[in-house]
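In: I would like the atomic coordinates for the input below:
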Amino acid sequence: MKESYEMTTSSSNYVENWANIPWEQFEKILFRIQHRIYKAAKNKDYSRIYRLQILLIGSSCARYLAIREIMNRKRFFILHYKSLKDIEKFSLVEELKHISTWKYKKINHSLLKKQNSNTENSVGFAILKDKAIQCLIKYALDPIYTWNLASEKDYSKNNETFWKIQKQILINLKSPIPEYSRYILQIQLHETFDQIEYNKFLSRIVLPDNIKKLLYLALRAGLIQKQDYFLENNNSLDILSSYLCEINMLGIENIGNEFKSFSTFSNNPNYLLRGIRHTYNLIFFLKPHENIIQQQQNIQDFLISRGLHGEKINLQLIKSTEGFDFLGWHFKVNPKTNKCMSYPSKTNRRHMIDSIKRTMKDSRYPLEDRLEAVQLIYLNWRTYHRYSDLSQINVWSIKLWTYKFAKKLNAKKNREARAIGKEKLILKIREIFNHKPYSFSSS
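Out: Next up, the predicted model:
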C-alpha cells in the first residue's frame, strides 16, 4: 500500500487537504511497521530493527501523525502559541524529512510572553518541529519498550495502575509471611539525575547510530528536564525525556526480589513483590536483620550502570507501624490490632482543599459553574481514594467552608432570590460532598 499522501500545491486547497487526510489508513501503516519492529525485537534481530526504525522515521504517514499528536496537546495552546495554519502544517511535514540536521535547542518558555506575536509564532513553529521529531523517535522506540513499561505498571498514569500499586503494598503489609511486613526502605531518586553520563544512559536505547548520535547531542543540550519526569500530572510538551528516563529505571524495583506465592483476600494466588516503584518513588519491604548497606550498594551499582549519579539517593528506614506516604496515600499497620490500612495523606488532602478554595474564589465564573467544578474536583478525589479508609479523613471543614463562602456570595441577591438560592445551595452542597461507604476490593 502506498504510504505517501499527495497534495495539490494550490493554497486554496490546503484546508481541504488537511481535513481529508486518511488518518485511519496512516495509523494502520504505522502499526504494521511497529509490529514488524516488535517481532524483530522478540527475535533479537537488531540489524532488522535498525532498518525498520529508519523506515518508520522516514515514513510520511508517521510525520503526519506526529504533527497531529503534538497539535492535539493542550499544553501547546497554554503556551500562547497561535495554531498553525494548514499551509504551515504541510510545510512542517516537509521539514521533518531532514531529521539528520536536527539540533535540540533549549527554550525558556517564561521569556516568550515578552516577545511580539510574530516572534512567538516563529518560536512556536520551532518548538513544534522539535517535539514532532521527538515524537517520531518515540514511535520507533514504542514497539521495543512499551510492553515492558506496561508490564511494570509504572509508565501508565491512570487510576487502575495506582490502585494495583495500592493493593500490592497492602498485600505486603498484610502478608502472612511476617518478616516482610516490619520495615520499609523508602528511596527518593530525583537527585540521581543531576549528573548523567550520556554514553551509559544511551547504551540501553535501541536506535540506529545516526539517531542515537542526535539524541546524545540533544541530551547534552538539556533534553532531560527533571520537572518533566518528576512532577505528577505533568501536562507539558514533554515527549521523549520522561520516556528515556523510564526505560533506564526499568528493573530497579526488582533488586533482591523474592517471589513467593500465597493467597490473600481471595482464593487466587498472588505474588509478593518486595520492590515497588512509580517514577522516582521507590520502596522496598525488608526482612528483619537484612543488610541495608548491601541493598543500598546494589541500588547505587544499578544507577551507575545506567549512567546516573548513584551516590545521591535519599534513603529512609521506616517501621510499618509508623506509617509512610506513597502516591497520595498514607499506609500504616495498627500495632495493637496488627491490621493494615490506607487513607489519603495529609499532603494529598491539603492539595484537594486548596484546589476547591482556589476554584471557589475564581470570580471569572458564576457561582453555579464554580460549584460544578468543585463537584468534579471532589468526585475525582473520592474516585482516586475509593479503596481507602476515608473515615480517617475529616472533610467536614471544607464542606462547611464551601457552604459559608457560597452563602456570602448568595447574600448579594435580593431577599426573595436569596431564599430560593439558599435552598438550592444546601441541596447542591449535599450533592457535592455525598459520602459513600468505605470498601476494599482485591480485584
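In: now what about stretch 294-312, what contacts it?
Out: With contact meaning Cβ atoms under 8 Å, 6 or more residues apart in numbering, stretch 294-312 is reached by 185, 187, 189, 191-204, 248-249, 251-252, 255-256, 284, 286, 313, 315. (C-beta placed from N, C-alpha, C; glycine too.)
In: can I have the buried ones of the residues you listed as a ChimeraX selection?
Out: Here is the ChimeraX command that picks out the buried ones among the contacts of stretch 294-312, judged by 16 or more other Cβ atoms under 10 Å:
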select :185,187,189,192,193,196,198,201,202,248,249,252,284,286,313
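In: is it true that Tyr216 touches Leu202?
Out: Yes: counting by Cβ atoms under 8 Å, Tyr216 does reach Leu202; the two are 6.1 Å apart.
In: what ranges do the helices span in the stretch 51-200 of the chain?
Out: Secondary structure of the stretch 51-200 of the chain (DSSP state H, counting those that start in this stretch): helices at 60-71, 74-78, 86-95, 117-151, 159-173, 198-202.
In: buried deepest among the ones you listed, which one?
Out: The highest mean neighbour count among the helices of the stretch 51-200 of the chain, using mean count of other Cβ atoms under 10 Å, belongs to helix 60-71: a mean of 21.
In: hey, C-alpha coordinates of that helix in CSV?
Out: Extracted in CSV, the C-alpha atoms of helix 60-71 (Å, rounded to 0.1, in the frame of the first residue of the first chain):
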residue,chain,number,x,y,z
SER,A,60,5.4,10.2,5.6
CYS,A,61,2.4,8.7,7.5
ALA,A,62,4.5,8.8,10.7
ARG,A,63,5.3,12.5,10.1
TYR,A,64,1.7,13.5,9.6
LEU,A,65,0.6,11.5,12.7
ALA,A,66,3.4,13.1,14.8
ILE,A,67,2.3,16.6,13.9
ARG,A,68,-1.3,15.7,14.6
GLU,A,69,-0.4,14.3,18.0
ILE,A,70,1.5,17.4,19.0
MET,A,71,-1.2,19.8,17.8
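In: circling back to that earlier point, possible to save the helices of the stretch 51-200 of the chain as TSV with mean pLDDT?
Out: Converted to TSV, those look like this (pLDDT from 0 to 100):
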stretch	mean pLDDT
helix 60-71	87
helix 74-78	48
helix 86-95	80
helix 117-151	70
helix 159-173	82
helix 198-202	86
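In: I'd like the distance between Pro22 and Lys28.
Out: Noted for Pro22: a distance of 9 Å to Lys28, by Cβ to Cβ, to the nearest Å.
In: just Gln186 next, same as before
Out: Look at Gln186 and Lys28: by Cβ to Cβ, they are 45 Å apart.
In: okay, the two: which has more neighbours?
Out: Gln186 (16 against 13; other Cβ atoms under 10 Å).
In: which residues does the more buried one bridge with?
Out: Gln186 has the following beta-bridge partners by DSSP bridges: Ile283, Gln316.
In: for the stretch 151-300 of the chain, just list every one of the strands.
Out: Per DSSP state E, counting those that start in this stretch, the stretch 151-300 of the chain carries strands over the ranges 183-188, 261-263, 269-271, 275-278, 281-286.
In: distance to His351 and mean pLDDT added to these, as a markdown table?
Out: Shown next, in a markdown table, are those (distance: least, Cβ to Cβ, whole Å; pLDDT from 0 to 100):
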| stretch | distance to His351 | mean pLDDT |
| --- | --- | --- |
| strand 183-188 | 19 | 85 |
| strand 261-263 | 36 | 45 |
| strand 269-271 | 31 | 48 |
| strand 275-278 | 17 | 84 |
| strand 281-286 | 16 | 84 |
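In: just name the most buried of the ones you listed.
Out: Most buried of the strands of the stretch 151-300 of the chain, by mean neighbour count (mean count of other Cβ under 10 Å): strand 281-286, with a mean of 22.
In: what is that strand packed up against?
Out: Counting contacts by 3 or more Cβ pairs under 8 Å, 6 or more residues apart in numbering; DSSP states H and E, strand 281-286 is packed against strand 183-188, strand 275-278, helix 292-305, strand 324-326.
In: residues making contact with that strand?
Out: Outside strand 281-286, the residues that touch it by Cβ under 8 Å, 6+ apart are 169, 172, 180-189, 252-253, 255-256, 274-277, 292, 295, 317, 324, 326-327.
In: dihedrals phi and psi, Lys332?
Out: As for Lys332, its main-chain torsions (degrees, to the nearest 10) stand at phi -160, psi 150.
In: likewise Arg274?
Out: Torsion angles, degrees, to the nearest 10, at Arg274: phi -80, psi -30.
In: please apply the same query to Leu308.
Out: With angles defined as degrees, to the nearest 10, Leu308 sits at phi -100, psi 170.
In: now for it, how many residues are close by?
Out: Neighbours of Leu308 under the rule other Cβ under 10 Å: 26.
In: begin at 898 from here
Out: Yep, numbering from 898; the last one is Leu1205 now.
In: distance of it relative to Val1230?
Out: Distance, Leu1205 to Val1230, using Cβ to Cβ: 33 Å.
In: map the structural domains onto the sequence of this protein.
Out: Per automatic domain parsing, the domain ranges recorded for the chain read 908-1048, 1056-1240, 1242-1329.
In: just give the nearest non-adjacent residue to Leu1025, would you?
Out: Nearest residue to Leu1025, sequence neighbours excluded (Cβ to Cβ, 6 or more residues apart in numbering): Ile967, at 5.8 Å.
In: so the one you found sits against Asp1027, correct?
Out: No: applying Cβ under 8 Å, one finds Ile967 not in contact with Asp1027, separated by 9.6 Å.
In: gap between Leu1141 and Ile1102?
Out: Relative to Ile1102, Leu1141 is positioned 7 Å away (Cβ to Cβ).
In: please apply the same query to Ile984.
Out: 35 Å.
In: again, but for Glu985
Out: 31 Å.
In: what segments of the stretch 1198-1340 of the chain are helices?
Out: 1243-1257, 1264-1281, 1293-1307, 1312-1329.
In: what mean pLDDT does the third one get?
Out: To tie it back to what came earlier, the one meant is helix 1293-1307. Averaged over helix 1293-1307, pLDDT sits at 86.
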